[in-house]
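S.K.: Need coordinates for the following:
(chains A and B)
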Amino acid sequence: MRQRETLRPIFRTAWDDLSHYFDPAELEAWAGAVLELAHVNAGPACLIAYWDASKSNAARKEIAPLLVAAQMAADICRYAGAQAATSALNALPAAVRSLGGGAALARWWQVMNVLARRAPESVLPVAIHMSEIIAPGRIDAFENFVAAGLRAASGDKARRVAFFMLQDELARRLIARDLDSVSFLEAETELKAFLIALWGRLPLLRSFSADNSQQAQRRTAIAGPLIRMPEVFRGVQGDAARALFRAAAAHAQAHLVLSADLFPVGTLKPLQIALVNLIEDARIETLAMRQFPGLRRLWAPYHIAVPSGVIAAPTLLARLARALFDPAYADEAGFVAKGRAMFEAAQPRIADPAISREIGMLLGNDLGQMRVQFNVKTYVVEPVYRDDGLGLWDFGQDAPPSGDVVELPIQAVRMERREDGSTDDADSESNEQDASPRRARPVAPDHRGVVIARYPEWDRAHAIERPEWTLVREVAASIGDDRKIEEALGRADALRSHIGRLVRSVKIGRTIRLNRQHEGHDLDIDAVLDAGIALRVGHAPDPRVFRSAKSLHRDLAALLLIDVSESTSDRLPSGATILDVERLAVAVLAEAMERLGDPFSLLAFASDGREDIKMTTVKSFAEPYDRSSMARLAGLKSGLSTRLGAALRHAGHLIGKTTAARRLLIVLTDSEPSDIDVSDPLELIEDARRAAVGLHAAGTNAYGVVLGKAGIAASSRIFGRGNSMMVQRIEDLPNRLSELYFRLARR
Amino acid sequence: MDLAPYRIGTEPYYQPVGDEIATFEAAYTERLPVMLKGPTGCGKTRFIEYMAWRLSKPLITVAAHEDMTAADLAGRYLLEPAGTVWHDGPLTLAVRYGAICYLDEIVEARQDTTVVIHPLTDARRILPLEKHNEIVPAHPDFQLTISYNPGYQSAVKDLKESTKQRFVAIDFGYPPPATEAAIIVCESGTDDDLAGILVAIAQCSRNLQGHGLDEGASTRMLIHAGRMVRAGLPLEAAVRTSIVLPITDDLDIRAALSDAIRACLP
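M.R.: Got it, this is the predicted structure:
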């Protein structure tokens, strides 16, 4: 080692320091570690860094971490070079601060090692920014971050470096999100229940993606009946974040409950609009706090304006907002005092939204005449929990900036979801796999869908079965908006809770009581008494004096076959299509079946001639019922015809592969079977009947649920009168379908 | 047989909500069986106690449960030192000596047990005791009342149609806010302001019915909260222990309900 002479005194000092904490044996081991570092040509800087790290960690009196550190640094030096090893050692204090010692630190070294092997040029940037990256304090967040960076760059060195230098938007977002911050998704259930508890109305909550950290925190926005909230409130963590979400949600919902029609913009200037919003905010909050006094405590912490500072529109507005919220806040500014006085005077008419417009217009005028600086582009509503106010206005024909703003989040949310899917999962590519068919058969796919099976069909005229007559194709499910289903379910809450109770009672399952048994857990009193009486009378007593109970065991698999032919696009008087009602019915039942734990599958079918029977798998037996299943359910579209026989055979084949003791196939259809290449409807009815008979022979119980009167005669013929149910009022379908399932499943 | 132990001496506190008193009196005049329907904690049992006091009739209460057999209601032989002696069950006592028999939460009992009441609830008004080889005609004062919580209704645990249709029904629900507050004041000794807050809290929980809760807070829960406050517990803790913790185990719903409750507190 060349600089041995210069290093010697530093080494000696370090040795002396350490000798206060460690015994000679440990010191020897430490010296050995130093030697190893020297042997890999780590260089003087690295050695000095190691000695510094040793000194600062010596107080813990554990030699093992120091030895590990040396070993790991040596490894890093081998793969990534001396500079990288030095930087890693320099970053060690930050890591120790955030992660503590022990297992987490060991994993930290692992990650750094992996980084050294796979992306040696990135060790330095990561080490430099270590305090920022490791700030979340969780080792899995760090592992996640590094993994995401390696994946996102996919071999491109320059991109990797940019990512780990935190120049990449994604990198920053990962750190920001992993901070102990609470995301909208985490808070959503609680927020929804909170708002329902307060005002009894089902809120429609959405998120928009976290914005560019250069600008101010984007505010909650109201769009029609929707409340859009930021995915994350920057800079707020844990309970404070939850409280902010609650405050923002409560304020927005108060608008929806207490504000009336939209204000027409007319000729109002931006400053006036801002002031009308401010007064309206104060008005609805006053009304809300009358009903729920505790909301004051929820909102008060965010009013932090003080009566001093620059006279600019944002600060004046914030002060006015606080003055209207808090009677105890003292502010001498004329503008604020005037606003307060006007608001006070309007108290008798507080239930009337018109006062907001009146007062806001006048105050806006005043402020404009005061020539106060107001930059409409950078203005954000204060305090942070309040909505941006744009949802209260009717902008009419003008294409307003707010209109774009309202549009954008919709795209952003969709894109965000895709993005979320690809960065959060370890295997991002699997998201694309969702849509493609699961069964890859040797037959070449064409644009109509992958062919998965050929089935015979019954020829009624000639009374023979034509083999390989029909072609069943698997069609990729289009992804819809699963929120629509969630909302429909939310509206049908009475039904849902009823089904929930059915589920519970079935799950708990009443036990069958068996009296007069030879053995059991309890005495059957009546039998005991009879025995006693018999003894007294002198007869031989019946020894069956016990009572036991037997529980019913469920072993049932179910497949729901959903007709999505053209006729299901017909509209009902309520405005929904038949397919919408089918969707809701299936969603309610699927929820119940998932909770019961019965294996089930959801399949949609439509046909376009015998060569093209399209089956769409909404949920297969193997997968769990989750958001993606709901999204596929939401994406079903009406079209084409109903070749029921082939669909039955295919469904029978699928359910036949399950191992349940009982197999149930429920078909939801709105008409009799028909198809474009068969002129006589009786043909396909007869074919479907034979298919159903075949299913029965194979041990699957097929049941038909017919919507409306049109198909009932055919259905009775196909499934049998006892296995057919007509739902005349289609709106009743959700209720009746679930009841049917419970009835059938019990037998 | 002296039914004095079953008589109610002092007037039980009961706040009428609708015309339920007049309805029950009319049903009793005709000795028609009555079904009291409503969620838990809404005053069904208190009502029947009040009516028994008001009509000066003894009240025999049976709390139905799943292990109940027909013999538990009708009676059985017991083996005593002196010999085998028949003992009347509570239902038979009421039938023989003219009391109001109140079967509480009748859905809990199995359906093969509840059918024993059928002969009493139609024009015959008799109770056949096969084991005792006796047919007991109902005392002129006898009347049968049952309570029934529709929330438990399910395909498995339900009254048979043939049972349901023998009864006249009175619906019980949550009282209007002013009445409910008065009830809370009377039963728990709190003041009007606190009772008003408790009623507002109950409304929040009832909004969540079907959206996370099976049932909202009952009047009984509010009375519990009031009594805890009277015993010295601060309001928020009293509400938490009487309402939030018993009503659900779901952490999200607990948090949301607690937040809503905090919004109701001044």
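
S.K.: Strands of the stretch 101-250 of chain B, start to end?
M.R.: B:126-129, B:134-137, B:143-148, B:168-171 (DSSP state E, counting those that start in this stretch).

S.K.: ditto for the stretch 501-650 of chain A
M.R.: Going by DSSP E, counting those that start in this stretch, the stretch 501-650 of chain A shows strands at A:512-517, A:522-523, A:546-550, A:556-563, A:600-607, A:613-619.

S.K.: which residues sit in contact with the closest residue to chain A within the stretch 1-150 of chain B?
M.R.: The minimum distance from the stretch 1-150 of chain B to chain A, using CB to the nearest CB, falls at B:L79 (4.8 Å). For glycine as for every other residue, the C-beta is placed from the backbone atoms N, C-alpha and C. When contacts are counted by CB atoms under 8 Å, 6 or more residues apart in numbering or on different chains, B:L79 touches A:L529, A:G532, A:I533, A:R536.

S.K.: Would you convert those into JSON lines that also reports distance to chain B, neighbour count and pLDDT?
M.R.: Output for those, formatted as JSON lines (distance: CB to the nearest CB, whole Å; neighbours: other CB atoms under 10 Å in any protein chain shown; pLDDT from 0 to 100):
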{"residue": "A:L529", "distance to chain B": "6", "neighbour count": "19", "pLDDT": "89"}
{"residue": "A:G532", "distance to chain B": "5", "neighbour count": "16", "pLDDT": "89"}
{"residue": "A:I533", "distance to chain B": "6", "neighbour count": "14", "pLDDT": "87"}
{"residue": "A:R536", "distance to chain B": "7", "neighbour count": "12", "pLDDT": "86"}
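
S.K.: These in helices, which ones?
M.R.: Counting by DSSP state H, the part of those found in helices is A:L529, A:G532, A:I533, A:R536.

S.K.: Just give the nearest non-adjacent residue to the third one, would you?
M.R.: Beyond its immediate neighbours in the sequence, the residue positioned closest to A:I533 (CB to CB, 6 or more residues apart in numbering or on different chains) is B:T84, lying 5.7 Å away.

S.K.: Contact partners for the one you found?
M.R.: B:T84 neighbours (CB under 8 Å, 6+ apart): A:G532, A:I533, A:R536, B:Y77, B:L78.

S.K.: Ok, A:A604 next?
M.R.: Contacts of A:A604 by CB under 8 Å, 6+ apart are A:L561, A:I562, A:D563, A:V564, A:M615, A:T616, A:V618, A:L636.

S.K.: one step back: now for the contacts of B:T84, which pair is the farthest apart?
M.R.: A:R536 and B:L78 (12.5 Å; CB to CB).

S.K.: Can you show me the helices along the stretch 1-150 of chain B?
M.R.: B:20-29, B:44-54, B:70-74, B:90-97, B:111-114 (DSSP state H, counting those that start in this stretch).

S.K.: er, the stretch 151-266 of chain B actually
M.R.: B:161-164, B:177-188, B:192-207, B:219-230, B:235-239, B:245-247, B:251-264.

S.K.: now those helices in CSV, with mean neighbour count?
M.R.: Formatted as CSV, these follow (neighbours: other CB atoms under 10 Å in any protein chain shown):
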stretch, mean neighbour count
helix B:161-164, 12
helix B:177-188, 19
helix B:192-207, 21
helix B:219-230, 22
helix B:235-239, 19
helix B:245-247, 15
helix B:251-264, 22
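
S.K.: Would you mind putting those helices into CSV with mean pLDDT and distance to B:T29 alongside?
M.R.: Shown next, in CSV, are those (pLDDT from 0 to 100; distance: least, CB to CB, whole Å):
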stretch, mean pLDDT, distance to B:T29
helix B:161-164, 84, 22
helix B:177-188, 93, 26
helix B:192-207, 94, 35
helix B:219-230, 94, 29
helix B:235-239, 94, 43
helix B:245-247, 94, 39
helix B:251-264, 92, 44
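
S.K.: got those helices as CSV, with distance to A:E468 columns?
M.R.: Converted to CSV, the helices of the stretch 151-266 of chain B look like this (distance: least, CB to CB, whole Å):
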stretch, distance to A:E468
helix B:161-164, 52
helix B:177-188, 71
helix B:192-207, 59
helix B:219-230, 67
helix B:235-239, 70
helix B:245-247, 60
helix B:251-264, 54
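
S.K.: So which of the ones you listed is nearest A:D522?
M.R.: Closest of the helices of the stretch 151-266 of chain B to A:D522 is helix B:161-164, at 26.5 Å (criterion: CB to CB).

S.K.: Please write out the alpha-carbon positions of the closest one in PDB.
M.R.: Coordinates of each C-alpha in helix B:161-164 appear next as PDB, following Å, rounded to 0.1, in the frame of the first residue of the first chain:
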ATOM      1  CA  GLU B 161     -95.600 -19.200   6.900                       C
ATOM      2  CA  SER B 162     -98.200 -21.200   8.800                       C
ATOM      3  CA  THR B 163     -96.900 -19.800  12.100                       C
ATOM      4  CA  LYS B 164     -96.500 -16.200  10.900                       C
END
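
S.K.: Just give me how far it sits from the chain centre.
M.R.: How far helix B:161-164 lies from its chain's middle: 19 Å, per CA atoms, centre = their mean, to the nearest Å.

S.K.: So that helix, near chain A or not?
M.R.: No - Helix B:161-164 is not in contact with chain A by CB under 8 Å from any CB of the partner chain; minimum separation 15.2 Å.

S.K.: quick one: contacts for the one residue in the stretch 351-500 of chain A that gets nearest to chain B?
M.R.: Residue nearest to chain B within the stretch 351-500 of chain A (CB to the nearest CB): A:D493, separated by 3.8 Å. Applying CB under 8 Å, 6+ apart to A:D493 gives the contacts A:L202, B:G210, B:H211.

S.K.: Tell me, how many residues neighbour the first one?
M.R.: Residue neighbour count, defined by other CB atoms under 10 Å in any protein chain shown, stands at 15 for A:L202.

S.K.: cool, the second one as well?
M.R.: Using other CB under 10 Å as the criterion, B:G210 is surrounded by 20 other residues.

S.K.: how close does the residue nearest to it when sequence neighbours are not counted sit to A:N41?
M.R.: Closest residue to B:G210 apart from its sequence neighbours, by CB to CB, 6+ apart: A:D493 at 3.8 Å. Using CB to CB, to the nearest Å, A:D493 is found at 70 Å from A:N41.

S.K.: Residues of the stretch 351-500 of chain A that sit close to chain B?
M.R.: Counting by CB under 8 Å from any CB, the stretch 351-500 of chain A sits next to chain B at A:G490, A:D493, A:A494, A:R496, A:S497, A:G500.
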